[in-house]
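[1] sequence plus the predicted model coming up.
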Amino acid sequence: MKTKCTMCKAFALLLLCTCAVAFGASEPPQDDAVKIVLDILRSGDQEMQAVAIAMVKDMSGTEVTEALAKELPHLSAASQVMLLSALSDRGDAAALPAVNTAAKAKDASVRVAALRALGQLGGASSVELLAQAAATATGEERKAARDSLYRLRGPDVDQVILARIPKAEPKVKVELIGAIGERNIRAGVSALLETAKDSDRKVRIASLRVLKVVGGPEDMPALVELIINAQSSSDRNEAQKTVAAVAHKIEDENRQAEAVLAVLPKVKPIPSRCSLLSVLGKIGDNTALPVLTAALKENNTEVQTAAIRALAEWPTPEPLADLLKVAESSDNKVHRILALRGFVRLLGLESGRSAEELLQMYKKAMSLAPDAGEKRRVLSGLGNVESLAALQMAGSYLGDNSLSREAGSAAVKIAAGICDDFPKEASEVLKKIIAQTKEADPLHRQAQEAIERMEQP
C-alpha cells in the first residue's frame, strides 16, 4: 500500500511537470513539486526516490535547494547519497552548509558523496575541509577529498591553498602541496622552495616531486641549491630528479646543464659535489661531458664513482670511449664493473654504427666481463646486433650452463632478424636451442615459433 502511495506521488510530480510544459510554464508549481519530492524521499522506496531526484536536477530556484538541503540529514544513508549527487548537479551553493555537515556524517558512503559534491559546489572556503579529509581519511573517501580539492573553482582557491600551507600540520601540508601540482599553480614555486626545506621528510619529498611539475627554467638556480643543501640522501636523490626534469624543459639542449655547471666548481663538500655530477648524467647535456671526464681523474674515489655513474646513464653513446677506458685500466674493481655495465648499456642505444663495429665492441666487453653475471649482461645486449657473426657468437655460448639462457635468448632474437639472408645458419642455431630445452620452457617455444615463421612461404 505504501509503495502504491509513493507511486501516486511520483505520478503526481510527473503530471505537475507535464502540465507546466503544456501551459507554457518553465517549471511546475514549486511548493507542490518540492512537497511531493520530499514525501517520496522520506518514503524509503528507492526506485521512486531515483525518479524524484532525477526531476530535482531540473527544478530551478534557491528555495528548492534550501528545502532539499534541510531534509538531507533526515533521510536514510542511501537516500542522502542520491540527494547529494542531485544537489551537486544543481550547482547551487545554497546547499553548501548541508553538504559540509554531511562530509562529517557517521556513514562512510554519505561522507564520500558529500566530499564529491564539494568539488562542484565548494570554493575557497572548502579548501581546509577537503585537505583535512584527504590527510586523515583512507580509500575511496581520501580519493573523493583529493579529487574535489583539485577541482575546486573560484578566483581565490589557489591563493587560499598557498596561504594555508605554512601553518598546516605535516599531513595536511602534503595534501596542499599535492594540490599545487594537480592544479598546476605556478605561483606556488616560492612556497615549494620553502617546504622543500621543511623539518618533515614527507613534506620535503612531496615538495620536490611537485616542483618537477610547476618549476620552470628560471627556477633552476634555486633548485640546484636544494641539491647542495639536501638534508638526507633520499632528499638529495629526489632533488636530482627534480633538477633533471626541469632542466629538460629548457629548449636549448646545450644549455640544460648550465645552472649545475655554474656552481659545480665552487662546491667543495663531497656529497654535494657527487650529487651535482650525478644530476649531469640525468640531464645528458653534452657540454657537461668534459667536466665528467675530468672528474674521472680526481683523487677522491666517491667523486670518480659519481662521474662513472653519470656517464653510464648518459642518454646518448658519446661516453663509450671514456667508459671503455675505465673498464680496461682502472685499479678499482667496482669502477671497472660500473664502467663495463655503462659501456654495454650505451652500446644498445642508436649510434649509427655498423653491425660489425658493434659486434667487435661486444666482444671487447665480453673479454672484460669478470664473471658470469656480467657476461650475461653482454649477451643480453648482443641480441640487438643483426649479423651472422653475432648469431655465431651467441651460439658459441649455448653449451655454457651459466650463460645458455641469455645466449639462447640473444640467438633467437638475432635469428629472427637475419633469417631471410641466412636461413640455414639461423635454423641450425634455433634447432640446437630446441634440442637442449624442454617443451615447457619459454625459450623452447620462442625458438620453435621462429622456425615455424621461417618455414612459412
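    Done, it's in.
[2] who's in contact with stretch 224-239?
    193, 196-197, 201, 204-205, 208-209, 223, 240, 242-243, 259-260, 263, 267, 269, 271-272, 275-276, 279 (Cβ atoms under 8 Å, 6 or more residues apart in numbering). The way it works is simple: take the backbone N, C-alpha and C, and place the C-beta from them, glycine included.
[3] buried subset of those residues as a PyMOL selection?
    Burial among those is assessed by 16 or more other Cβ atoms under 10 Å; the matching PyMOL selection reads:
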select buried, resi 193+196+204+205+208+209+223+240+242+243+259+260+267+272+275+276+279
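[4] which residues does Arg204 contact?
    Applying Cβ under 8 Å, 6+ apart, the residues contacting Arg204 are 195-198, 231, 235, 238.
[5] count the neighbours of the closest residue to Leu388 other than its chain neighbours for me.
    In space, and not counting its chain neighbours, Leu388 is closest to Phe422: 5.1 Å by Cβ to Cβ, 6 or more residues apart in numbering. By other Cβ atoms under 10 Å, the residues close to Phe422 number 18.
[6] correct me if wrong: Phe422 contacts Ser387.
    No: Phe422 is not in contact with Ser387 according to Cβ atoms under 8 Å; the separation is 9.2 Å.
[7] between these two, what contacts are shared?
    In contact with both Phe422 and Ser387: no residue, using Cβ under 8 Å, 6+ apart.
[8] neighbours around the residue lying closest to Lys333 once chain neighbours are set aside, how many?
    Leaving aside its chain neighbours, Lys333 sits nearest to Pro370 (7.6 Å; criterion: Cβ to Cβ, 6+ apart). Using other Cβ under 10 Å, Pro370 has 12 neighbouring residues.
[9] so how far is Ala394 from Pro370?
    20 Å (Cβ to Cβ, to the nearest Å).
[10] and Trp314, by the same measure?
    Counting by Cβ to Cβ, the gap from Trp314 to Ala394 is 26 Å.
[11] and what of Glu182?
    48 Å.
[12] contact partners for the spatially most central residue of the chain?
    Central residue of the chain (Cα atoms, centre = their mean): Arg209, 10.3 Å from the mean position. Applying Cβ under 8 Å, 6+ apart to Arg209 gives the contacts 181, 238, 242.
[13] what's the neighbour count on Glu66?
    16.
[14] my guess is it meets Ala94, correct?
    Yes: shown here, Glu66 and Ala94 form a contact pair, counting by Cβ under 8 Å, at 5.4 Å.
[15] ok, for Leu296, nearest residue in space, not its chain neighbours?
    Leu296's closest residue in space is Ala307 (Cβ to Cβ, 6+ apart), at 5.1 Å.
[16] nope, Ile308 is what I was after
    Nearest to Ile308 is Leu338, by Cβ to Cβ, 6+ apart, at 4.9 Å.
[17] list the contacts of the one you found.
    305, 308-309, 312, 326 are the contacts of Leu338 under Cβ under 8 Å, 6+ apart.
[18] nearest to Arg146, of these?
    Arg309 (36.0 Å; Cβ to Cβ).
[19] ok so, going back, ok, Glu182 and Ala394, which is more surrounded?
    Taking other Cβ under 10 Å, Glu182 and Ala394 do not tie; Ala394 has more neighbours (27 against 14).
[20] gap between that one and Val51?
    Distance from Ala394 to Val51, by Cβ to Cβ: 70 Å.
[21] and Ser409, by the same measure?
    62 Å.
[22] same question, Leu382
    Taking Cβ to Cβ, one finds Leu382 at 69 Å from Val51.
[23] the more surrounded of the two?
    Leu382 (29 against 20).
[24] so that one is in contact with Met393, correct?
    Yes: using Cβ under 8 Å, Leu382 is in contact with Met393, at 6.5 Å.
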